[in-house]
Structure formats: C-alpha cells, structure tokens
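S.K.: For reference, the sequence and a predicted model appear below.
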Amino acid sequence: DELQLEGHDTFLHKEIHEQPTSLERMLSGRLDDRFATARLDGLGIDARELRGFRRVKAIGCGSSFYIGQLGASMIEDLARIPADAEAASEFRYRNPIVEPDTLYVAVSQSGETADTLFAVREIQRKGGCVVGLVNVVGSSIARECDGGIYLHAGPEVSVASTKVLTHMGVGFALLALLLGRVHDLSYADGARIVAGLRALPGQVQQMLDSEDEIAVVAKGLAQSPSSFFIGRVRGYAVAREGAQKLKEISYQHAEAYQASELKHGPLALISPQMPTVAIVPDDELVERNLGALHEIAARSGPVIAVTHPGVEFGDLAAERIVVPHGEVELDPIVLTIPLQLLAYHAAAALGRDIDRPRNLAKSVTVE
Ligand code: G6P
C-alpha cells in the first residue's frame, strides 16, 4: 500500500505522532502481570539459559547504537549484570572476543545494515549467541539471529529514525525486565516496571501535547550553528541521540558529551553563542547535573534543560522542557521524545528537506 502523510507535512512528523499507538501495539501481549515479567517468546531462550548469561553486549549503527547504549544502562539497572554497547562497524573489524556467557543483541530498524549483519555473522562464527531487536520482519538480521524481539513499529519512511528508536528502547526495557526477573529483580520491582511500561504510551502522548512550546525553543536553537548536548549515565545516551537527530536533519553541528566530562575540555567552548541542551532527570544524579550547569552558567552559556517536574534550576536554565516522570529506569525512553521534536522543529525553521536529508540513506547495505 502507498503510505500517506495523513495530514502531516512530513513522514518524520507523522512517525513522531504515531508513537503512542504504535507503542501500545508493541506492548500488547508482552507484559505478564501474574509473574511481573516480560513475555518474549521470539527470543527462543528459556529461563535457565537466560540465567547463564553473565553479560550483555548491544551492537548497532548510528542511532541504533545509541539506543543500544541506553538499553545497556537499563539492563545494568534492572538485571545487575554488566552491559555495554558498541558500534557494529567497529566491532566487526577489531577481531572481537566473543564469550559464550555473553548475550549479544543486534539492534537494527531495517535488519539490512551491512556492518550489523557482518557483526552478527562474526559472533556466530565464534560460537556466540545473538538475538535481534529488529523492526522489519523477515529481514536478513532477523533471519540470521538465533532469536529476537520484533519491534512492531510499522513502516518508517523518513530517513531519520524516531518511532523505531523509541520501540528499541521499549524492547530493551522488556529484555531488561525479563533478565532482571531471572536474576535478582524482585516481584515488587518487576510489577513496578510492568506498570511503568504500561504508562509509557500515555507519557509519550503528554510530550507530544507540548509540541507548540518545544517548537518555540527549537526555533531559537536553530539559530546556533553549534550546540552541546550533555547527559550523565542514563542521560548520556539520550544526549547522543538528541545531538545525532539535530545534526541529521537540521545540518547544525551538535556534539554530545558526558556532563561529567565537560570540565575536562569542552568547557573551553562555552560562551553566550554556544547553547547546551542538558538532560537532567530527577534521579540520584540530579545534584551532580545541576553542578555541571553551574559551570556553564558561570561562562554565560545558554541552557535548555530537558527535565522532570520539580527540579529547581534557579537561574541555571533559560529554557525548560518538562517531561513526565515515571520509573527512573525507564525515564530515558520518554526523555528522547522532546529531542525528536526539537530536531524536527529546528530543521523546519531552517527549511530543510526533513524526510530526505542530504548525504544519508535509510539503510546502508553496502560496505
Ligand atoms: C543509517 C541511517 C541511520 C540509522 C543507521 C542504522 O545510517 O541513516 O538513521 O540509524 O543506518 O540503521 P538500522 O536500519 O540498522 O537501524
């Protein structure tokens, strides 16, 4: 079927707005209230085998790599086993050490990205177990992995990914919940995460309802040829993806940094002409994050804070985008939504070709 814009000016805008409905669809049948866990039959791995994995490694390219990083932090939070993410393009070329007790997760919208596909084959050649977090059903990565979680986001037309990334975040949350429940996550905490996941589509909708205010902030950001995006731990992957989205579709330069690393170099660039988008969740690191904003304010750097209700900024942030606060482990997923809208409205203000940004392809299937 020919896909229609259905009243939106671009597919990117349509896809951003589809998220509450597409997330409901993805979650349906995958939350298990009785045992406070996730039902992921497509993985094809039983509880005993799952328990044998002592480490998780996500691999993917571009935004799928950044969401892998976000996913790794959810797995560490909920399952308390070491997890990290790596660009598949690096992994495949560096003679990676593949361990039998590591669960590898290949993250891909298209399921056809050459670097990710070759990384999957390298893992299998070395006897590792790799599952896919893939959107396109029947794609090469989906077929070649040992099992997987389909994202069920529906077709994504715009070159820059939005809704599928959110689905990847939820896919990792489900995997983290399942891994947590076969390790040490309690029934009560499992039930808390199940309820948190159920609340996500509504929280995403709440963010979309703030679009007009975010558009105003975006118009200001669009005027800056360069900006920083900062976050700490859970928020760092969010910052990386936010910077990536802005670069891809507005062509303005944006660089993501760990909030903690700002003082070790990039602070030299802070000035009234260099805005910083700061991810400041209301979690155990909020005071540390506000500390970084003090350093920026002392150099007259403008700050756009993406934050939760109740965080006190005083004069530290001229602009604030307030995101609904749910379970801390899941919050990074919702924190990415305003960054999609920021990038979209910045690109729109600059008159860019939003669905087809220059030099980029939806999936890179060649070497
Ligand atoms: C291309 C796209 C990116 C995407 C990356 C990975 O570079 O332009 O937006 O994140 O490929 O694609 P995948 O289909 O594997 O998620």
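M.R.: Noted; the coordinates are in hand. Residues are numbered from 1 along each chain as shown.

S.K.: quick one, what contacts Cys75?
M.R.: Careful, residue 75 is Ile and not Cys. Val56, Ile81, Ala83, Phe172, Leu175, Ala176, Leu179 (C-beta atoms under 8 Å, 6 or more residues apart in numbering). No exception for glycine: its C-beta is placed from N, CA and C like everyone else's.

S.K.: Just the pLDDT for the residue nearest to it when sequence neighbours are not counted.
M.R.: Once flanking residues are discounted, Ile75 sits nearest to Ala83: 3.9 Å by C-beta to C-beta, 6 or more residues apart in numbering. Note on Ala83: pLDDT of 98.

S.K.: And Val323, by the same measure?
M.R.: pLDDT, Val323: 97.

S.K.: Now do the phi/psi pair for it.
M.R.: For Val323, the backbone dihedrals (degrees, to the nearest 10) come out as phi -110, psi 140.

S.K.: mind listing what it touches?
M.R.: Here Val323 is in contact with Gln203, Met207, Val306, Thr307, His308, Asp331, Val334, Leu335, Ile337, Pro338 (C-beta under 8 Å, 6+ apart).

S.K.: Tell me which of those residues fall in strands.
M.R.: Val306, Thr307 (DSSP state E).

S.K.: Next, count neighbours for the residue nearest to Ile75.
M.R.: Using other C-beta atoms under 10 Å, Ala83 is surrounded by 27 other residues.

S.K.: For it, list each beta-bridge partner.
M.R.: With DSSP bridges as the criterion, Ala83 is bridged to Val56.

S.K.: ok, so what distance separates it from Ile321?
M.R.: In this view, Ala83 and Ile321 are 28 Å apart by C-beta to C-beta, to the nearest Å.

S.K.: got it, and Pro332?
M.R.: Pro332 is 15 Å from Ile321, by C-beta to C-beta.

S.K.: neighbour count winner among these two?
M.R.: Pro332 (29 against 22).

S.K.: Please list all residues in contact with that one.
M.R.: Listed by C-beta under 8 Å, 6+ apart, the contact set of Pro332 reads Leu70, Ser73, Met74, Gly169, Arg234, Gly235, Ala237, Val238, Pro281.

S.K.: Looks like His308 contacts His325 (just checking).
M.R.: Yes - if you go by C-beta atoms under 8 Å, His308 and His325 touch, sitting 4.1 Å apart.

S.K.: Residues in contact with both of those two, list them for me.
M.R.: Pro281, Asp282, Asp331.

S.K.: So which of those is surrounded by the most neighbours?
M.R.: Of the shared contacts of His308 and His325, with other C-beta under 10 Å as the count, Pro281 tops at 25 neighbours.

S.K.: roughly how far apart are the residue lying closest to it once chain neighbours are set aside and the ligand?
M.R.: Take Pro281 and drop its neighbours on the chain: the residue closest to it by C-beta to C-beta, 6+ apart is Asp331, 5.3 Å away. According to C-beta to the nearest ligand atom, to the nearest Å, Asp331 and the ligand sit 22 Å apart.

S.K.: give me the element the closest residue to Pro96 other than its chain neighbours is part of.
M.R.: Leaving aside its sequence neighbours, Pro96 sits nearest to Glu122 (C-beta to C-beta, 6+ apart; 6.7 Å). Using DSSP states H and E, Glu122 maps to helix 114-125.

S.K.: next one: Ala254
M.R.: Residue-wise, Ala254 maps onto strand 253-258 under DSSP H and E.

S.K.: ok, now Ser227?
M.R.: Counting by DSSP H and E, Ser227 is part of strand 226-231.

S.K.: Does the following helix or strand past that strand pack against any helices or strands, and if so which?
M.R.: Counting by DSSP H and E, the next helix or strand C-terminal to strand 226-231 is helix 234-250. Under the contact definition 3 or more C-beta pairs under 8 Å, 6 or more residues apart in numbering; DSSP states H and E, helix 234-250 sits against helix 63-79, strand 226-231, strand 253-258, strand 276-280, helix 331-349.

S.K.: How far off centre is the longest one?
M.R.: Averaged C-alpha coordinates place helix 331-349 at 11 Å from its chain's average position (C-alpha atoms, centre = their mean, to the nearest Å).

S.K.: To Asp41, which of the helices and strands packed on helix 234-250 lies closest?
M.R.: Of all those, helix 63-79 sits nearest to Asp41, with 19.0 Å by C-beta to C-beta.

S.K.: which residues are contacting the helix or strand just after the helix holding Glu122?
M.R.: The helix or strand immediately downstream of helix 114-125 is strand 129-134, counting by DSSP H and E. With contact meaning C-beta under 8 Å, 6+ apart, strand 129-134 is reached by 43, 45, 53, 58, 71, 100, 102-109, 111, 120, 123-124, 141-142, 145-151, 168, 171-172, 175.

S.K.: Quick one, which of these are buried?
M.R.: Among the contacts of strand 129-134, those classed as buried by 16 or more other C-beta atoms under 10 Å are 43, 45, 53, 58, 71, 102-109, 111, 120, 123-124, 141-142, 145-146, 148-151, 168, 171-172, 175.
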